[in-house]
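> Here's my sequence, what's the structure:
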Amino acid sequence: MVLRAIANQKNLQLPLPKGVYGVDINITTSRSHKEFDLLDSVKAIVDAINREIVFNDAEIYSLKINLYFTNSGSRKRISIPSDSIDLRVYDLLTQNTILQFNSLTTYIVSKRKPMLSGGFDEENFYPHIELLHQPVGRLIYNDGFKVTAANEYVVKMHFKGAIQSKDLDNMAKTYLPILYGTQVVTSHKIVKLELSKEHAPNTTGSIDIRVDCNNVQP
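Predicted coordinates:
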């Protein structure tokens, strides 16, 4: 809604024309690490952009998210919104900003798993995704993929292949849980997430995953 209002002021027609876009998001919250899941919150924001701002979120080739925590001791009544969002949509090829807002006060509701009728759960509904996390996690761990224990992590994921129609947030949702198999990286410890994709037709797909400790040792 905020981006639509800004677009009207700039006489921009939405959704934006087909292109290659980047989205930068800064989130500041007074909630604790355990109360805030970065990926699920970002997915809710990206889903709001999809078809409203960008015609197809598969056109987002770069997605960078930073999460900042304020002093939880200063938190006011729970009914008062406790999150602030800075958001920038830009042309990835020229780096020119198209739409941007800063310090939007709100309360982010994370994207939730679907409630499926008939007794099915998500693991049974998407077996090709959920059931691969544990064995793949063991393989990369045995291959020398070690992560130092810390309180906060920066995760960078680069996807390459015939993935022009794939969404960054959904690919992260699929592959990020593999890191949880390391037993040290959890969803609530990730404070910075950088996702990017590179379309390379007629090639074997690949994923580059990098994990950095955010200079915060336990």
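> tell me the average confidence for stretch 190-201?
What stretch 190-201 shows for mean pLDDT is 94.
> quick one: contacts of that stretch?
Residues from elsewhere that reach stretch 190-201 (CB atoms under 8 Å, 6 or more residues apart in numbering): 38-39, 42, 61-69, 152-164, 166, 168-169, 171-172, 214. Where you see a C-beta, it was placed from the backbone N, CA and C, and this is true even at glycine.
> List the buried residues for it?
Using 16 or more other CB atoms under 10 Å as the test for burial, stretch 190-201 gives 190-197, 199.
> which of these sit farthest apart?
Val191 and His199 (28.7 Å; CB to CB).
> Make a PyMOL selection of whichever of the contacts of stretch 190-201 turn out to be buried.
This is how PyMOL selects the buried members of those, with burial counted by 16+ other CB under 10 Å:
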select buried, resi 38+39+42+61+62+63+64+65+66+67+152+153+154+155+157+159+160+161+163+166+168+169+171+172
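> which of the residues in stretch 84-100 are buried?
In stretch 84-100, counting by 16+ other CB under 10 Å, buried: 84-90, 92, 98-99.
> Output that stretch as CSV, restricted to C-alpha atoms.
What follows is stretch 84-100, C-alpha atoms only, in CSV (Å, rounded to 0.1, in the frame of the first residue of the first chain):
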residue,chain,number,x,y,z
SER,A,84,10.2,-0.8,11.5
ILE,A,85,10.9,-1.5,7.8
ASP,A,86,13.2,0.2,5.3
LEU,A,87,12.6,-1.1,1.7
ARG,A,88,14.2,-0.4,-1.6
VAL,A,89,13.2,-1.7,-5.0
TYR,A,90,15.8,-1.0,-7.7
ASP,A,91,16.9,-1.9,-11.2
LEU,A,92,19.6,-4.5,-10.7
LEU,A,93,21.3,-3.7,-14.0
THR,A,94,21.6,0.1,-13.5
GLN,A,95,21.4,0.1,-9.7
ASN,A,96,18.8,3.0,-10.0
THR,A,97,16.3,3.1,-7.2
ILE,A,98,12.7,2.8,-8.4
LEU,A,99,10.7,2.8,-5.2
GLN,A,100,11.8,3.3,-1.6
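> What's the mean pLDDT across it?
Stretch 84-100 comes out at a mean pLDDT of 97.
> Also stretch 61-77?
78.
> among the helices and strands of the chain, which has the poorest mean pLDDT?
helix 122-125 (a mean of 44; mean pLDDT, DSSP states H and E).
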